[in-house]
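A.B. asks: sequence and computational prediction follow.
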Amino acid sequence: MGISRREFFKHAGIGLAGFALSSCQQQNQSSAAPALNLTKTPASSPTATATSSPTHTLSPTATFHPSQFPGLVTPQEADFFATHEVRIGDTSRPVVMMTYDDNGTYDEVRTILDAYKTFNMKATFFFIGEKIPLSSKAVHAIVDEGHLLECHGYAHQDFMRLTDDQINRRIEKSFQAMDEVVPGYRMRFIRFPYGSGVGSERILRVVAQWGLQHIYWSMGSNGTIPDTHDTVMRNVENGAIVLSHMYRYYDVTQAYQIVESLVAAGYSLETVETGRAPNDVFPS
């Protein structure tokens, strides 16, 4: 039986003052997919460097703990996040936001990260909450190397099928899982599992109370077909938010090729924090 919002926040210790193109599929890899070969070294070295730079940044909250929400999320911020769902980034400059959903093995995540490290570019990883403690090595690598690790729900459940209190409990558990692995790290963005709930005023307002802004996508890489790289390059544009997955074979094995081609085409690969349109950034 569901609990009220008042009971939930009292139980959580948060207080009353603060208070998906293609479907983001569940993490079931196809048995027909070829085995991963993650030991290959790229044959070529980078030949181009994007010169575009971020126009805005957010300062990290080094001492953040979930219990701080009453003093961190103002009603004005919550209202802004609820009414500024991000479906495309800054189209005024050549910026692309590569995003990776769900979770993956350390070797899969490491392969993706190495591609970005080679070109000094950044990406955003929307991690399933219950997988965070089980993937602590990958989680630390993502955070330590300057990428964003953000919320993707706790157990990849459809938010449209959940009550407000059920969503609250799952977000709370995701924050607790993150705090367990990387104390002080604050998640600021969320991608709804399956993308289900995009445009839903009810769900957007629930997650906004946690200081979370929803990030949808403007295009998908597919990641299950050999022409994943070509799909990205054929459809990419300024401000593109590309849906990829940490475990899909071609999203992993073609990561270097995708990053190399985007950089060569003049794009800056940034996180959703800096790649958003300026009018989607809460004014400080």
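C.D. replies: Alright, I've got the coordinates.

A.B. asks: which residue ranges of the stretch 1-150 of the chain form strands?
C.D. replies: Under the criterion DSSP state E, counting those that start in this stretch, strands of the stretch 1-150 of the chain are mapped to 95-102, 124-127, 148-151.

A.B. asks: in JSON lines: the ones you listed, plus mean neighbour count.
C.D. replies: C-beta: built from backbone N, CA, C; applies to glycine. Listed next are the strands of the stretch 1-150 of the chain as JSON lines, based on neighbours: other Cβ atoms under 10 Å:
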{"stretch": "strand 95-102", "mean neighbour count": "28"}
{"stretch": "strand 124-127", "mean neighbour count": "26"}
{"stretch": "strand 148-151", "mean neighbour count": "24"}
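
A.B. asks: out of the ones you listed, nearest to Val207?
C.D. replies: Closest of the strands of the stretch 1-150 of the chain to Val207 is strand 148-151, at 8.1 Å (criterion: Cβ to Cβ).

A.B. asks: what is that closest one packed up against?
C.D. replies: Identification of packing neighbours for strand 148-151 by 3 or more Cβ pairs under 8 Å, 6 or more residues apart in numbering; DSSP states H and E yields strand 124-127, helix 136-144, helix 164-181, strand 189-190, helix 272-275.

A.B. asks: in a markdown table, list those along with mean pLDDT.
C.D. replies: Output for the helices and strands packed on strand 148-151, formatted as a markdown table (pLDDT from 0 to 100):
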| stretch | mean pLDDT |
| --- | --- |
| strand 124-127 | 98 |
| helix 136-144 | 98 |
| helix 164-181 | 94 |
| strand 189-190 | 98 |
| helix 272-275 | 98 |
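
A.B. asks: just put these in TSV and tack on distance to Asn222.
C.D. replies: As requested, the helices and strands packed on strand 148-151 are exported to TSV (distance: least, Cβ to Cβ, whole Å):
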stretch	distance to Asn222
strand 124-127	17
helix 136-144	22
helix 164-181	27
strand 189-190	23
helix 272-275	20
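
A.B. asks: most tightly surrounded among the ones you listed?
C.D. replies: Comparing those by mean neighbour count (mean count of other Cβ atoms under 10 Å), strand 124-127 ranks first with a mean of 26.

A.B. asks: packing partners for that strand?
C.D. replies: So strand 124-127, by 3+ Cβ pairs under 8 Å, 6+ apart, packs with strand 95-102, strand 148-151, strand 189-190.

A.B. asks: again, only this time at 6 Å
C.D. replies: Using 3 or more Cβ pairs under 6 Å, 6 or more residues apart in numbering; DSSP states H and E, the elements in contact with strand 124-127 are strand 95-102, strand 148-151.

A.B. asks: quick one: which of those is nearest Ser268?
C.D. replies: Among these, strand 95-102 sits nearest to Ser268 (Cβ to Cβ), with 5.0 Å.

A.B. asks: and the angle from the closest one to helix 136-144?
C.D. replies: 160 degrees (axes from the mean of the first three to the mean of the last three Cα atoms, to 10 degrees).

A.B. asks: show me the strands in the stretch 151-284 of the chain, by range?
C.D. replies: Under DSSP E, counting those that start in this stretch, the stretch 151-284 of the chain gives strands at 189-190, 213-214, 219-220, 240-245, 268-269.

A.B. asks: beta partners for the residue nearest to the spatial centre of the chain?
C.D. replies: Nearest to the geometric centre of the chain sits Phe126, at 3.3 Å (Cα atoms, centre = their mean). Beta-bridge pairing of Phe126, defined through DSSP bridges, involves Asp101, Glu150.
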